[in-house]
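**Student:** Structural data only, the sequence is not supplied:
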């Protein structure tokens, strides 16, 4: 019995000294790494919070500076105008005093003949007296703005607590930031296939489809005429349905996986979180016809200004306006009717611009907003049956720009410098009046066909 118990004890001792000891040392090491990572993460977050607060201060300071300058300008211009009225009134007073003195002299001490002669020569002197105009001054005013503490906190940003769990997360379905599309990461080289492969085709219940934005390599959000957004699996299965008050005029997925879309009639961009909580992200004040999320997390929005020049506006992820693009280096308007927008891997801004029968084109700007080139769809030795009619625009991991040409039932492929490469899809490939397009992280091309209310997915790139 002793020998048996001794042998079992020695085996257990060996396991404890070997495997168990090694495992617990590794776990302690891992726990300390997590501790260090937690400290580092909180340090980084606090720095970001401080920077965000400084950005707020800078933003408010800029608003204050602009308001003070406006007040100073108004004060200067108003005082100058009042000074002109005052000088005119003083001149009138001086002339009036001289005339009073003259009339007193003629009536009190001059010879009667002098008065008669003066009146005969200057019979309308009194009648010609014209008082300076009166002025009505409305004093400037300032309306105190109201600070919504809840909204201000939302605009500042939201701190999300970390989670500590003993369970492994196996949910890889959420869309994450695609490092292969980052300008800091060199993508693997791929070539355009001679014949794109159709992966799937799905018919929806909507009458018309306009917009598509991939969520991950297996699913995408789509919308069309009327309210509502669908999440469609690549196989054709509807995974989710998001209700909206109005018709979405664009779709985009943010880095945290939340969906954003503009409601044209309400002039608001809404954000739908992963748990389907809908909040107002940006009150644009104007109609919005297309948007996208950049790799840095900002939002590009096509603005349909009625009275002002149409433009593309960049917002931060929390809704602060950062930049506007509407004129080129010569002060000429860039857009007639911006509809769709996307960002390329070199941070170029690609805008599909079309308005009725006005010259249709794709406008490409660099990240500073300077015009790089315009693509009008006219290709040497290539004949389009109808006028170039760009709709959706997208980019892939190689920096190609893809353009849906609704009128010609084609998808144009051009380089990031504007050189025509090919029609990767045409009517011969079964394409009919394409509208929205989106290229996912695996370079699968999602297309929604307008009048057919059909979603088609193609794979058109292959590794060298």
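**Tutor:** Now that the structure is in, tell me what you want to look at. Computed from a predicted structure; not experimentally measured.
**Student:** what mean pLDDT does the longest helix anywhere in the chain have?
**Tutor:** Looking across the chain with DSSP state H, the single longest helix is helix 21-108. In this model, helix 21-108 has an average pLDDT of 87.
**Student:** Walking through the stretch 351-464 of the chain, point out its strands one by one.
**Tutor:** 361-365, 371-375, 390-395, 401-405, 410-414, 420-425, 434-439, 444-449, 454-463 (DSSP state E, counting those that start in this stretch).
**Student:** hmm, back to that, give the other helices and strands that the longest helix of the chain contacts.
**Tutor:** Where contact means 3 or more CB pairs under 8 Å, 6 or more residues apart in numbering; DSSP states H and E, helix 21-108 is packed against helix 112-121, helix 149-156. (Each C-beta comes from the backbone N, C-alpha and C, glycine too.)
**Student:** returning to that earlier point: could you export the strands of the stretch 351-464 of the chain as CSV, including mean pLDDT, distance to residue 223 and mean neighbour count?
**Tutor:** Putting these into CSV (pLDDT from 0 to 100; distance: least, CB to CB, whole Å; neighbours: other CB atoms under 10 Å) gives the following:
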stretch, mean pLDDT, distance to residue 223, mean neighbour count
strand 361-365, 96, 22, 22
strand 371-375, 95, 26, 17
strand 390-395, 96, 12, 25
strand 401-405, 96, 15, 25
strand 410-414, 95, 20, 23
strand 420-425, 92, 22, 19
strand 434-439, 95, 8, 25
strand 444-449, 94, 9, 26
strand 454-463, 90, 11, 20
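**Student:** Please identify which of those is closest to residue 89.
**Tutor:** The closest of these to residue 89 is strand 371-375. By CB to CB, the value is 53.7 Å.
**Student:** Can you list the strands that that closest one pairs with?
**Tutor:** Partner strands for strand 371-375, per DSSP bridges, with pairing direction: strand 361-365 (antiparallel).
**Student:** which residue packs closest to residue 198, ignoring adjacent ones?
**Tutor:** Nearest residue to residue 198 in three dimensions, chain neighbours excluded: residue 458, at 5.5 Å (CB to CB, 6 or more residues apart in numbering).
**Student:** and the residue minimising distance to the centre of the chain, backbone torsions?
**Tutor:** Nearest to the mean C-alpha position of the chain, by CA atoms, centre = their mean, lies residue 300 at 2.4 Å. Torsion angles at residue 300 (phi, psi; degrees, to the nearest 10) stand at phi -100, psi 130.
**Student:** In this structure it contacts residue 311, no?
**Tutor:** No. Between residue 300 and residue 311 no contact is recorded; they are 10.9 Å apart, counting by CB atoms under 8 Å.
**Student:** Run through the residues that contact residue 300.
**Tutor:** Counting by CB atoms under 8 Å, 6 or more residues apart in numbering, residue 300 touches 291-294, 312-314, 341-343, 349.
**Student:** Now the two most distant members of the residues you listed.
**Tutor:** Pairwise across those, and taking CB to CB, the largest span is found between 313 and 342, at 15.0 Å.
**Student:** So if I had to pick from these two, which one is more boxed in?
**Tutor:** residue 342 (26 against 21; other CB atoms under 10 Å).
**Student:** related to what we said a few turns ago, could you measure from the residue nearest to residue 198 over to residue 422?
**Tutor:** 14 Å (CB to CB, to the nearest Å).
**Student:** Residue 347 now?
**Tutor:** Taking CB to CB, one finds residue 347 at 25 Å from residue 422.
**Student:** before we move on, what about residue 51?
**Tutor:** In terms of CB to CB, residue 51 sits 45 Å off from residue 422.
**Student:** Walk me through the regions of the stretch 151-300 of the chain where pLDDT falls short of the threshold, as ranges.
**Tutor:** Along the stretch 151-300 of the chain, the model assigns pLDDT under 70 to residues 151-187.
**Student:** Show me the domain layout of the protein.
**Tutor:** 1-133, 179-463 (automatic domain parsing).
**Student:** can you redo those as JSON lines with distance to residue 142?
**Tutor:** Output for those, formatted as JSON lines (distance: least, CB to CB, whole Å):
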{"stretch": "domain 1-133", "distance to residue 142": "8"}
{"stretch": "domain 179-463", "distance to residue 142": "21"}
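**Student:** Buried deepest among those, which one?
**Tutor:** domain 179-463 (a mean of 18; mean count of other CB atoms under 10 Å).
**Student:** Look up phi and psi at the residue lying closest to residue 297 once chain neighbours are set aside.
**Tutor:** Nearest residue to residue 297, sequence neighbours excluded (CB to CB, 6+ apart): residue 317, at 4.6 Å. Main-chain torsions, residue 317, degrees, to the nearest 10: phi -60, psi -20.
**Student:** all numbers from here: first residue = 28
**Tutor:** Happy to do that; since the first residue is 28 now, the last one works out to residue 344.
**Student:** confidence score at residue 344?
**Tutor:** 87.
**Student:** Wait, it touches residue 309, no?
**Tutor:** No. Distance between residue 344 and residue 309: 10.4 Å, which falls outside the contact criterion (CB under 8 Å).
**Student:** got any residues that touch both of the two?
**Tutor:** In contact with both residue 344 and residue 309: residue 326, using CB under 8 Å, 6+ apart.
**Student:** In the chain, spot the strand with the most residues.
**Tutor:** strand 217-230 (DSSP state E).
**Student:** and the angle for the very next helix or strand once past it with strand 481-490?
**Tutor:** Proceeding N to C from strand 217-230, the next assigned helix or strand is strand 236-243, under DSSP states H and E. If you take axes from the mean of the first three to the mean of the last three CA atoms, to 10 degrees, strand 236-243 sits at 50 degrees to strand 481-490.
**Student:** Who are the packing partners of strand 236-243?
**Tutor:** strand 246-251, strand 279-280, strand 461-466, strand 471-476, strand 481-490.
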